[in-house]
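> Everything below, folded, please.
(2 chains)
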Amino acid sequence: MSAAQKVENPLLDKNLVNAFVDGVKKTLSTMAMTESTPKKAFVERDFKAKGEVSGMIGMVAGNMRGTITISFEKPSIFKILENMLGEPYSEINEEVRDAVGELTNMIYGTAKTALNEMGYAFEMAIPTVITGSHEITSYHKGAALVIPFSMDDNLQFFIEITVE
Amino acid sequence: MFSPDTRFLVVDDFATMRKIIKKVLAELGYTNVEEADDGQTALPKIKEAHKEGNPFGFVVSDWNMPGMTGIDLLRAVRADESLKATPFMLVTAESEQKNVVEAVQAGVNDYVVKPFNAATIKAKFEAIYNRLNKAA
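Below you'll find the predicted structure:
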């Protein structure tokens, strides 16, 4: 492809949103044998990470700066890690934080690869893991696109995409 | 296929990924597995093991690590006359063509892109084993 594809409004960019949805589904089904289904996305004015443990990555593609956050409630992440590592988890400890960082890394890497094959120019970045209830209101200007995902046993988690 | 006694070294800065790879190796019947958290700690282990006459029969390493990256570790192994035949597989989230070329030029035996499962790893091991034995 000749020039890097421009990201005009990433929250409305179907390629970008689909790449992250596919990245989540593929990562969880391959690594953790966990099937997940995206639900109806919505836009939120004030970004609030939804779960009790979140992995966040700063996205850089050309002039675009944004974040992708994947947020899990405790029962969801414990179930995923039990499937992935073969051990039960009952508290958010260093091991859980490390695993959330690695999952975030894989999801971003999968999406980035798909997007760059389409001509985008996403760069690799390092994830940050946040725990506890958290609101990040000053991090960005604009809105957040929230995509809830459901898993078996009525469990759920969220991805949240923000752009500056 | 590689013998079940094969001594593996798993190199990754994320404890979770080391655990996942160890779990996959155990599923494939490999339990003689040691760990290192980056290239800088892995290289002396590889050298030491060779000196002691109990060399690693396979290195599985992440690409992106602080300290010393996986590809630099691979280059260091390939540059050492006594270690250069060690089978070496890189694990990474990067799958663009430029990375594949770089890894092949550095002498990687194969390359696995995250996310992966046990079946993928098994197929890679078989392919590496067959290539090495055909070449021998």
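> a strand runs through B:Cys61, doesn't it?
Rather than Cys, residue B:61 is Ser. Yes: according to DSSP: H, G, I helix; E, B strand; the rest coil, B:Ser61 belongs to a strand.
> Bridged to it, which residues?
B:Val11, B:Leu90 (DSSP bridges).
> okay, now it: neighbour count?
B:Ser61 sits with 28 neighbouring residues when counted by other C-beta atoms under 10 Å in any protein chain shown. In short, each C-beta sits where N, CA and C put it, glycine included.
> correct me, but it touches B:Pro87?
No: between B:Ser61 and B:Pro87 there is no contact under C-beta atoms under 8 Å: 11.4 Å.
> Which secondary structure state does A:Val129 sit in?
strand.
> hang on, I meant A:Asp98
Here A:Asp98 is recorded as helix under three-state DSSP.
> Longest helix in chain B, by number of residues?
helix B:118-135 (DSSP state H).
> Show me what counts as buried in that helix.
B:Ile121, B:Lys124, B:Phe125, B:Ile128, B:Tyr129 (16 or more other C-beta atoms under 10 Å in any protein chain shown).
> what do you get for stretch A:50-64?
Residues of stretch A:50-64 classed as buried: A:Lys50, A:Gly51, A:Glu52, A:Val53, A:Ser54, A:Gly55, A:Met56, A:Ile57, A:Gly58, A:Met59, A:Ala61, A:Met64 (neighbour count, 16+ other C-beta under 10 Å).
> what does chain B put close to chain A?
When proximity is defined by C-beta under 8 Å from any C-beta of the partner chain, chain B lies next to chain A at B:14-17, B:19-20, B:23, B:64, B:92-96, B:113-117.
> switch to 6 Å and redo it
B:Phe14, B:Ala15, B:Thr16, B:Met17, B:Lys19, B:Lys23, B:Ala93, B:Ser95, B:Lys114, B:Pro115, B:Asn117 (C-beta under 6 Å from any C-beta of the partner chain).
> Buried ones in the worst-scoring helix or strand of chain B on mean pLDDT, by neighbour count?
Ranking every helix and strand in chain B by mean pLDDT, DSSP states H and E puts helix B:97-105 at the bottom, with a mean of 83. Under the neighbour-count criterion of 16+ other C-beta under 10 Å, helix B:97-105 has B:Asn99, B:Val100, B:Ala103 buried.
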